[in-house]
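Participant: Next one to model:
(2 chains)
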Amino acid sequence: MAAASQSLFKRWQPGLIWALYGLGLLPAVWAFYQGATGGLGADPVKSFEKTLGLWALRLLILTLAVTPLRELFRINLIAYRRALGLLCFYYVAFHLTVYMVLDQALDLAVVLQDVLKRPFIMFGMAAFVMLVPLAVTSNRLSIRKLGRNWTLLHRLIYLAAASALLHYALSTKVLSPEQAIYIGLILILLLYRAARPLIPRKRNAKPAPGSQTARVVKQA
Amino acid sequence: AETLTTVPSAYKVEDKVTPRKDVTTYNNFYEFGLDKADPAALSGDFKPRPWTVAVDGMVAKPQTFDIDALIKAFPVEERIYRMRCVEAWSMVIPWDGFPLAALLDKVEPLGSAKFVAFETIVRPAEMPGQNSLFQSLPWPYVEGLRLDEARHPLTLLAVGLYGETLPNQNGAPIRLVVPWKYGFKGIKSIVRITLTDKQPMNTWQAANPQEYGFYANVNPAVDHPRWSQATERKIGEGGFFGASRHPTLPFNGYADQVASLYSGMDLKANF
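Facilitator: Alright, predicted model coming up:
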């Protein structure tokens, strides 16, 4: 019964992944529509910028949660991790674009000064820069070509997450409870990686055949 | 809100006034929550009447004023001021109020008084931001001015905006407006004004002295450590595409009237 539903799930997987992309982009589309039609309040640019940044964080958290979910709770969402990671990258790119185009009105001198002078902006930009190579190599060809190096390269996500966390923490005058929750979640997910070698556990369940990990392991 | 009887005033900037809806729904008033929409959404239980303001300290005649008596005691002027928030956004607001100097005259400050300290009400039962598990700032919110700043004709005690008594979210029933300083100097829902010979601590300086000073004069040349103060976004200017950055002016455009208060002072050190 469980096996049957699992195989059904498998059969539907490509469609579900595409649905995830569609669903994942909805908040951006909706916020843009609201902003363009006067539904985002008195400071629509700031509000749009903030919404996009928040969704980037949420998607980052989901991406980072895939591994612990599998290892601790046997919930295997690895097939959706690439979509989650790429969606996160898209939102970071939207967030940055709104900051440059709508907020700073493409005054590149000001943007450059911001990036160089202000840790708050610096951390945000660093996170984006680190996500670029990850997004670019998030395809089967790169996984095959890079082999073991692909896994090493993609550990950059931890540094990007730390950078994003600092960017978010520095973005307001005082830390709100909402911010504390997001920051706490990211910290837990990063600490999990640091503590993982210390946790005694049974040898990991076999990676699902056909998953990214399985392919990487085969390559290695 | 009740309609106020006002007299005209010469203190009016020519800039386009920010729509009332934006002035009353986009607020920083952490006593009601951290989001800009919180004060309008969560201040419904707040009771701005009955209300008294105590004026004490180094004065010859300390007094406690009833808010309605206060509004009757002085001609309420309509003044249109620029408002620049430390977060790099701005509004143009038609305030209704009277000069702080007029109130100070009533209590006769002593020669020893050099500063004025202000205090906001603490009422956790009516102010959710003072009542939650998480407290964003220590209460009461406090502010301060030098006596000469407090006596400057531009310094206003506002009791209304757009010709009506102040909405709760804007600092009902009485708040400070110092148009050449960042908005956080404009302490809201005032219950006490104290004349003193020591420079008062203000809430934001106490919270983060690297980022917020006592003076908090609008100054495009002194950046907030985390963002530039050179430009500002005008609230209510338009949607996504009409909005653009505008240069921020020294003393928020009031340099002609107030720069002399600070002659000889290093404004980078005294930010």
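Participant: What segments of the chain are helices?
Facilitator: In the absence of a named chain, chain A is used. A:2-36, A:44-73, A:81-97, A:108-117, A:119-136, A:140-146, A:148-154, A:156-169, A:177-195, A:212-219 (DSSP state H).
Participant: nope, chain B
Facilitator: Counting by DSSP H, the helices of chain B are B:20-25, B:38-42, B:67-73, B:100-107, B:147-151, B:203-207, B:255-258.
Participant: got a list of what the residue nearest the centre of chain A touches?
Facilitator: Chain A has A:Leu60 as the residue nearest its centroid, 2.8 Å off, counting by C-alpha atoms, centre = their mean. Contact partners of A:Leu60, counting by C-beta atoms under 8 Å, 6 or more residues apart in numbering or on different chains, are A:Cys88, A:Ala160, A:Ala161, A:Ala164, A:Ile186. Glycine gets a C-beta too; all of them are placed from N, C-alpha and C.
Participant: Residue 35: neighbouring residues, count only.
Facilitator: Since no chain was named, I'll use chain A. Close neighbours of A:Gly35, defined as other C-beta atoms under 10 Å in any protein chain shown, add up to 22.
Participant: that's the wrong chain, I meant chain B
Facilitator: 14.
Participant: need the helices of chain A in a markdown table with distance to B:Thr25, can you?
Facilitator: Below are the helices of chain A laid out as a markdown table (distance: least, C-beta to C-beta, whole Å):
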| stretch | distance to B:Thr25 |
| --- | --- |
| helix A:2-36 | 15 |
| helix A:44-73 | 12 |
| helix A:81-97 | 24 |
| helix A:108-117 | 28 |
| helix A:119-136 | 27 |
| helix A:140-146 | 48 |
| helix A:148-154 | 44 |
| helix A:156-169 | 25 |
| helix A:177-195 | 20 |
| helix A:212-219 | 47 |
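Participant: Take the ones you listed and lay them out in a markdown table including mean pLDDT and distance to B:Lys47.
Facilitator: Shown next, in a markdown table, are the helices of chain A (pLDDT from 0 to 100; distance: least, C-beta to C-beta, whole Å):
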| stretch | mean pLDDT | distance to B:Lys47 |
| --- | --- | --- |
| helix A:2-36 | 86 | 34 |
| helix A:44-73 | 96 | 31 |
| helix A:81-97 | 97 | 41 |
| helix A:108-117 | 89 | 44 |
| helix A:119-136 | 96 | 39 |
| helix A:140-146 | 94 | 64 |
| helix A:148-154 | 94 | 57 |
| helix A:156-169 | 97 | 36 |
| helix A:177-195 | 95 | 26 |
| helix A:212-219 | 46 | 60 |
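Participant: And for the residue of chain A found nearest chain B, the neighbour number?
Facilitator: Closest contact between chain A and chain B, by C-beta to the nearest C-beta, is at A:Ala42 (3.7 Å). Neighbour count for A:Ala42, taken as other C-beta under 10 Å: 22.
Participant: So which residues on chain A come close to chain B?
Facilitator: A:35-38, A:41-46, A:48, A:102-105, A:107, A:110, A:113-114, A:117-120, A:170-174, A:176-177, A:180 (C-beta under 8 Å from any C-beta of the partner chain).
Participant: Please, a PyMOL command that selects the buried ones among those?
Facilitator: Of the residues of chain A next to chain B, the buried ones go into a single PyMOL selection, burial set by 16 or more other C-beta atoms under 10 Å in any protein chain shown:
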select buried, chain A and resi 35+41+42+43+44+45+46+48+102+103+104+110+114+118+120+170+171+172+173
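Participant: what's residue 52 in contact with, if anything?
Facilitator: If you meant another chain, say so; for now it's chain A. A:Ala28, A:Ala31, A:Tyr91, A:Phe94, A:His95, A:Val98.
Participant: Correction: the question concerned chain B.
Facilitator: B:Thr64, B:Phe65, B:Asp66, B:Ile67, B:Val191.
Participant: Among the residues you listed, name the ones in strands.
Facilitator: B:Thr64, B:Phe65, B:Asp66, B:Val191 (DSSP state E).
Participant: Report the contact partners of the last one.
Facilitator: Spelled out, it's B:Val191. B:Trp51, B:Thr52, B:Val53, B:Ala54, B:Glu119, B:Thr120, B:Ile121, B:Pro140.
Participant: quick one: which of the residues you listed is nearest to B:His224?
Facilitator: Relative to B:His224, the closest of the contacts of B:Val191 is B:Thr120; by C-beta to C-beta it sits at 22.9 Å.
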